[in-house]
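1. attaching a predicted model along with its sequence, questions to come.
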Amino acid sequence: MRARAHVGPGRREARAWSGERGAAGIRCVAYNNQSNRLAVSRTDGTVEIYNLSANYFQEKFFPGHESRATEALCWTEGQRLFSAGLNGEIVEYDLQALNVKYAMDAFGGPIWSMTASPSGSQLLVGCEDGSVKLFQITPDKIQFERNFDRQKSRILSLSWHPSGTHIAAGSIDYISVFDVKSGSAIHKMIVDRQYMGVSKRKCIVWGVAFLSDGTVISVDSAGKVQFWDSATGTLVKSHPIANADVLSIAVADQEDSFVVGTAEGTVFHFQLVSVTSNSSEKQWVRTKPFQHHTHDVRTVAHSPTALISGGTDTHLVIRPLMEKVEVKNYDAALRKITFPHRCLISCSKKRQLLLFQFAHHLELWRLGSTVATGKNGDILPLSKNADHLLHLKTKGPENIICSCISSCGSWIAYSTASRFFLYRLNYEHDNISLKRVSKMPAFLRSALQILFSEDSKKLFVASNQGSLHVIQLLEGSFKHLHAFQPQSGTVEAMCLLAVSPDGNWLAASGTSAGVHVYNVKQLKLHCTVPAYNFPVTALAIAPNTNNLVIAHSDQQVFEYSIPDKQYTEWSRAVQKQGFHHLWLQRDTPITHIGFHSKRPMHILLHDAYMFCIIDKSLPLPNDKTLLYNPLPPTSESDVVRRRTAHAFKISKIYKPLLFMELLDEGTLVAVERPLDDIIAQLPPPIKKKKFGT
Amino acid sequence: MAALEDEFTLSSGVLSAGPDGLLGVEQSNKTDQFLVTDRGRTVVLYKVSDQKPLGSWSVKQGQLITCSAVCNFQTGEYVVVHDNKVLRIWNNEDVNLDKVFKATLSAEVHKIHSVRGTEPVLLFKEGAVRGLEALLAEPQQEIEAVLSDGEVIRWTKLFMVFRHPVLIFITEKHGNYFVYVHMVNSHTLSKYTLLRGQEEKSVIQSFTASVDRKFISVMSLSSDGCVYETLIPVYPTDPEENQRVVSSLLLRAVVSGSAPSGVALTVLDRDHVAVLGSPLSASKECLSVWNIKFQTLQTSKELPQGTSGQLWYYGENLLMLHGQSLTVIPYKCEVSSLAGALGKLKHSHDPGIQVMPPFVNWEASQGDGLGSQHAEQPRRILRRRKIEVSSQPAVPPSKQLLTTIMKDSEKHIEMELRKFLAVKTPDFHAIVGDLVTGLLGRCQVEPSFCPRNCLVQLIQTHVLSYSLCPGLMEMAVKKTDVQLLQLCLQRFPDIPESVTCACLKIFLSIGDDSLHQAEIDMESVFDYGDSVQGDNVAAPVDVLQNGFSPEGDTCLSCCQEVPAKPQDAAAATPTCPVTPQRAALLNAILHSGYSEAFLLPHLKDIPAQHITLFLKYLYFLYLKCSENATMTLPGIHPPTLNQILDWICLLLDANFTVVVMIPEAKRLLISLYKFVKSQISVYSELNKIEVSFRELQKLNQEKNNRGLYSIEVLELF
């Protein structure tokens, strides 16, 4: 295959997943032990849920909101997720419908900290005005119960004693210990402002942790980790670990290890170690430092087997504890999650347009062109550069959830958490006119996924109530054709859509309930693909054959024949032999699947670090063959080329790769997002002297 | 580490301890409470943690308590005997001992024993044993006599072995000691005669015992100040027969035997014993804790006010009478971590020795210590019998080997050594050091004695270092034993520079004839081809040094200085200037470690012609090195290029003024000079190229830089 690849628009334009003001750093992480899920909130208010059992896949996300900066995130009983932020509201998320269930003002000014009781039935928030408020969690809401003794200054950190009788609250310059029953402060432990002889203006207690033996561990802005005895209110031990703030702390459930994150980007692991062998006397020892971040580690979490950290540099780092890992498989490797596991770019093949989705705006670009030709690897001179056609800003504070451009390029649709927008575009030579289609129906308030049919006559919208709407598009208006209602009893939202090029079939997948295929002509459910344990990361229906290709987060790829309602022969053969072990060990999910209109045997898929063309006509690689075989030189004889060839043609020339699609037979468009550009947009890290004075 | 903590006294006023001390201290049924019986009429119950008495009971005036009160762990009552025959049983609520239960027995009681898990057991003076219950059922029952006339019970103790109480008591009759083991449940009694070796004449002053599954280990402290151990099987093989048990020396001279108030010994745990008495050096009495496995004194505490020579150990407390008051010294033995110990010792180690870390097998030495000791015990005794000449009661094989070294013939030593080396003992490296010192010591005394093979064997164990046996290399230098020197150079990690230099002198000066005879390890020498000393037939070959020929040097001035003689080329031809044997020895020098500052002064002492020879050899090696691309020499473990160049520089630094005056060295110096010059020009050329390379690289990068937007041609498969 020979293709002309349009690479880029690189730098500025491809900043698709991040906010306009630069990449959104991680603010909080919360780990849920029961479901092995990790909730991550970013500075723009986005909350993402990662399933650590499903190969660390980001299976759900809640769009951000300009005013909803989350400062705290926690899981409670029944795997309910709450966040609180500087707008003073406590927010509960609906993990099924993927929207905000309700937001409730705590009436204490900005909320700096929040923690759930050990039983998970109560919620405690620490506010700007120095109040600590206790909320009872009821099955459908939360209810204010009472205030604890008001403190002088804002409560920046909170921790419950595992028995639920006491709490520790970190404030500015001191830590208070409260009795939960009476709500009164029983101890006030003053934190030393000085650090290494230098007196700081204030010492902010960024994090506290209450252990079951009554020890309170605090981390503060003077770079200290301190151990306090809550019974006597005295300082037991102090570990100065950083020259900058220590920002976060998380303790393991067994209370035998904890982790702290500093503003220098370092994560320290502390462990409870026996003083001598066989002795029961143990002490906390700083065992391992990790430097996986360049910027502030704003938050850390401690899962039974891993240390999780996130910060301003936007990376989510999952560092397995080697001593806790039983099997040395790929799960024991360090994970660094930087890019979203969703596709944020759509393209109009006919007009060669790319639509980039940003947090608060959309950008429409027309690809450039060239008249030159060249050989493999040449960069051709441009006869026309890429044009920035449109910059579409959203109204309101909400982030964009999803967007799509139709294949003909004349429709653009996007949705925020509360509004759905549809635009009609008219092209007259170099001018573009944009017209919003008004009077959207009430049920189309919010969409999780939008898709246009290939002929741009139909619009498919997955709403967060679980229903799928089919809308017929007319010139300047629309007509609601049908709504596929979710299976009775489920309200699970559909996140991924795929439509067949002939427009007959629509495939939709939720976060866990499998893939449903609908017949668009007859407007009824056609079949359901057999359920699979791992969430779907990408879906596509091949032209002509109507084979549905499904990629899962465990890197399995299935091909399902929609007309036959069964897996294809090729898919069965792949499953029988199994994928190459290196294929299964990739750590980013496949986010997009495409097809070549003239080569039915080819499937194009890509993740963040490679793209692959699967040639179904070639033999499958087994574990002994080289998976990433570079293109053999043309000088080699055909025999050699054929012998080394296998079905997986993998190329890593573009990375990190956000989007790749075949525009026509000879044109491929790839969008790269160089990491250097993300780093360049971050605020400068704390400067550390490396040499001398 | 075993440690004694700070002592504290229990209140002293209540007790009326006589000059003979107390009658006994026994455990109560609550931990940390003890029943103290004095020699008069009083029994006091103490709580140690509170340091105060909880209760006190006295018998009527005129009556005398004759054996220490115990607690019946099954009922919680206390039992005491006064006036030898009258048994009293009471509990905490009772106030007056006169009003409590009383039973008069038909025979005199020696001692009541009570341990957890069984009823109290009474030992009568005649040696009979009764359980308390059986006795109370019929107090006047007849008590048989077990001991013969004149036999006196000296010491007694009750153990629980597999939940069965076993009473052991030791009697004395006319200076002979007998051990009785009485199984209380089955009423089987076995008697052993305690055979004593050297300590025959001394008097046993204190006994203590510990028990494991099969053996009761009785330790005794004799008046000669040594601790002896005797192993007595719990289950006798033949109970009828009068068996003999042998005691063996465990600890040598821990206390002086002539303590005014006697000495006492008690077992603390598997590895530790506590000894009360005055040490040999001091007159003051002292409580010391000894590790019997390593035979080391762990800790000790002075007791200046004197003791009664009695020592009790319960739980974690050592109790004794210090002056007039009962003193408690808590004893702790924490298992210390090896890492902690090493951390403390780190600085005291010579870094040179650590190259070959003397690994001690802690598993073996710490493992079932008592068990392994038992296993070894009979063997030791046998050996002692065999070697009657030895004055030591139990000789470890190493000691024995040392004595062999001192006296026997070379052949015999060699055989013994081979036997010894076959079994690796935990303190192997220390013993090997001792052996070498022993051998060398004898060498000095007897000039004819030359145990070369033994020394070679010992060096090859890889555990020796120079600092372990400094005399070894000196002797080899004295005897110009090049083989031994080569071996030492190869094996020792810490040879001082002066010795290295002495070796070098010998290697350079020794005659070829003697070299041919010596067995030299030729591993490091590759085949130098037809290199015969003084044979100049090899045709001059143009050697390309690093691709740069000195012949092609454009520097005319230096070329003119070189006399254009045909033999001039000989310096550049790769013919080895020394015999392979000498080359092997010199390679050993090249491989050894050194520090320049210390080596340079010694190098100045080497005669000039030897320096020239060594330089020639080094130059030859360098030429050989530059023959291949990797700049290495062929062969196993050859000298590296860095070692060769370092030594050339060192030799020239040390002796340049001398060498430059020698006519035969001139040619060598000139070729070295040319060599360096050519190297410099090669590197300057490379430096010039580097800039161009960098530019090329930059161009290449620019080509790959796609910019914000680009259209590329991509061939996909």
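-> Great, that's in hand.
2. pLDDT below threshold where in the stretch 301-450 of chain B?
-> Filtered on pLDDT under 70, the stretch 301-450 of chain B yields the residue ranges B:334-396, B:424-427.
3. what ranges do the helices span in it?
-> B:338-345, B:362-366, B:369-386, B:397-407, B:410-422, B:428-445 (DSSP state H, counting those that start in this stretch).
4. for residue A:537, which non-adjacent residue is closest in space?
-> Closest residue in space to residue A:537, ignoring its immediate chain neighbours: residue A:589 at 3.8 Å, by Cβ to Cβ, 6 or more residues apart in numbering or on different chains. In short, each C-beta sits where N, CA and C put it, glycine included.
5. which residues touch that neighbour?
-> By Cβ atoms under 8 Å, 6 or more residues apart in numbering or on different chains, the contact set of residue A:589 is A:55, A:57, A:341, A:537, A:538, A:551, A:553, A:555, A:607.
6. quick check: strands, which of these are part of them?
-> A:57, A:537, A:538, A:551 (DSSP state E).
7. between the contacts of residue A:589, which is closest to chain B?
-> Nearest to chain B among those is residue A:607, at 17.1 Å by Cβ to the nearest Cβ.
8. pull the number of nearby residues for that closest one.
-> When neighbours are defined as other Cβ atoms under 10 Å in any protein chain shown, residue A:607 has 24 of them.
9. correct me, but residue B:468 touches residue B:436?
-> Yes - shown here, residue B:468 and residue B:436 form a contact pair, counting by Cβ atoms under 8 Å, at 7.1 Å.
10. and the gap between the residue nearest to residue A:537 and residue A:47?
-> Separation of residue A:589 from residue A:47 (Cβ to Cβ, to the nearest Å): 19 Å.
11. can you name the residues in contact with stretch A:418-428?
-> Contacts for stretch A:418-428 (Cβ under 8 Å, 6+ apart): A:351, A:390, A:392, A:394-396, A:398, A:409-415, A:432-437, A:440, A:444-447, A:459, A:461, A:475-476, A:478.
12. buried ones in that stretch?
-> Using 16 or more other Cβ atoms under 10 Å in any protein chain shown as the test for burial, stretch A:418-428 gives A:419, A:420, A:421, A:422, A:423, A:424, A:425.
13. the fourth one: helix or strand, and which one exactly?
-> Counting by DSSP states H and E, the element that carries residue A:422 is strand A:420-428.
14. name the strands paired with that strand and say parallel or antiparallel.
-> strand A:411-416 (antiparallel), strand A:431-436 (antiparallel) (DSSP bridges).
15. and those strands, which is most packed in?
-> strand A:411-416 (a mean of 24; mean count of other Cβ atoms under 10 Å in any protein chain shown).
16. send me that one as PDB with only the CA atoms.
-> The C-alpha trace of strand A:411-416 is given here as PDB (Å, rounded to 0.1, in the frame of the first residue of the first chain):
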ATOM      1  CA  TRP A 411     -22.900  19.300   9.400                       C
ATOM      2  CA  ILE A 412     -21.200  19.800  12.800                       C
ATOM      3  CA  ALA A 413     -22.800  18.600  16.000                       C
ATOM      4  CA  TYR A 414     -21.500  18.800  19.600                       C
ATOM      5  CA  SER A 415     -22.900  18.500  23.000                       C
ATOM      6  CA  THR A 416     -22.100  19.700  26.500                       C
END
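17. distance between it and the chain's centre?
-> Centre-to-centre, strand A:411-416 and its host chain are 21 Å apart (Cα atoms, centre = their mean, to the nearest Å).
18. what of stretch A:112-123?
-> With Cα atoms, centre = their mean, you get 24 Å for stretch A:112-123.
19. for the stretch 401-550 of chain A, what are the low-confidence residue spans?
-> A:488-491, A:513.
20. give the contact list for the residue nearest to residue A:308 when sequence neighbours are not counted.
-> The shortest distance from residue A:308 to any non-neighbouring residue, by Cβ to Cβ, 6+ apart, is to residue A:301 (4.2 Å). For residue A:301, the contact set (Cβ under 8 Å, 6+ apart) comprises A:29, A:30, A:31, A:38, A:250, A:307, A:308, A:309.
21. most neighbours of all the residues you listed, which one?
-> Counting neighbours by other Cβ under 10 Å, residue A:309 comes out on top of these with 29 neighbours.
22. which element is it on?
-> strand A:306-310.
23. quick check: residue B:248 touching residue B:227?
-> No - with contact defined as Cβ under 8 Å, residue B:248 does not count as touching residue B:227 (10.2 Å).
24. tally of neighbours for the residue of the stretch 101-250 of chain A found nearest chain B?
-> The minimum distance from the stretch 101-250 of chain A to chain B, using Cβ to the nearest Cβ, falls at residue A:237 (19.2 Å). The burial count assigned to residue A:237 is 13, neighbours taken as other Cβ under 10 Å.
25. got a list of what the closest residue in space to it that isn't next to it in sequence touches?
-> With sequence-adjacent residues excluded and distances taken as Cβ to Cβ, 6+ apart, residue A:237 is closest to residue A:227, at 4.3 Å. Going by Cβ under 8 Å, 6+ apart, residue A:227 touches A:215, A:216, A:217, A:235, A:236, A:237, A:238, A:284.
26. among those residues, name the buried ones.
-> With burial judged by 16+ other Cβ under 10 Å, the buried subset of the contacts of residue A:227 is A:215, A:216, A:217, A:235, A:284.
27. format the residues you listed as JSON lines; extra columns: distance to chain B, secondary structure and pLDDT.
-> Output for these, formatted as JSON lines (distance: Cβ to the nearest Cβ, whole Å; DSSP: H, G, I helix; E, B strand; the rest coil; pLDDT from 0 to 100):
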{"residue": "A:215", "distance to chain B": "24", "secondary structure": "strand", "pLDDT": "93"}
{"residue": "A:216", "distance to chain B": "29", "secondary structure": "strand", "pLDDT": "95"}
{"residue": "A:217", "distance to chain B": "25", "secondary structure": "strand", "pLDDT": "95"}
{"residue": "A:235", "distance to chain B": "26", "secondary structure": "strand", "pLDDT": "92"}
{"residue": "A:284", "distance to chain B": "17", "secondary structure": "strand", "pLDDT": "91"}
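28. max pairwise distance over the residues you listed: which two?
-> Pairwise distances across these peak at 13.7 Å for A:235 and A:284 (criterion: Cβ to Cβ).
29. now do the phi/psi pair for residue B:522.
-> With angles defined as degrees, to the nearest 10, residue B:522 sits at phi -100, psi 20.
30. send the alpha carbons of the helix or strand that residue A:288 is a member of over as CSV?
-> Using DSSP H and E, residue A:288 maps to strand A:282-290. Extracted as CSV, the C-alpha positions of strand A:282-290 are listed here (Å, rounded to 0.1, in the frame of the first residue of the first chain):
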residue,chain,number,x,y,z
LYS,A,282,8.4,-1.4,64.2
GLN,A,283,9.1,2.0,62.9
TRP,A,284,8.3,4.0,59.8
VAL,A,285,11.1,4.2,57.4
ARG,A,286,11.4,6.1,54.1
THR,A,287,12.2,3.3,51.7
LYS,A,288,11.8,4.4,48.1
PRO,A,289,11.8,7.6,46.3
PHE,A,290,10.3,7.8,42.8
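31. quick one: contacts of it?
-> For strand A:282-290, using Cβ under 8 Å, 6+ apart, the contacting residues are A:225, A:227, A:237, A:239, A:241, A:266-275, A:307, A:309, A:317, A:319.
32. residue contacts, the residue of the stretch 451-600 of chain A found nearest chain B?
-> At 10.0 Å from chain B, residue A:596 is the closest residue in the stretch 451-600 of chain A, using Cβ to the nearest Cβ. Each residue near residue A:596 by Cβ under 8 Å, 6+ apart is listed here: A:1, A:602, A:604, A:662, A:665.
33. and if you look at residue A:228?
-> Shown in contact with residue A:228 (Cβ under 8 Å, 6+ apart): A:175, A:189, A:215, A:216, A:217, A:218, A:234, A:235, A:236.
34. skip the chain neighbours and tell me the closest residue to the second one.
-> So that's residue A:189. residue A:175 (4.5 Å).
35. find me the pLDDT at that neighbour, would you?
-> Residue A:175 is assigned a pLDDT of 94 by the prediction.
36. count the neighbours of it for me.
-> For residue A:175, the count of nearby residues is 24 (other Cβ under 10 Å).
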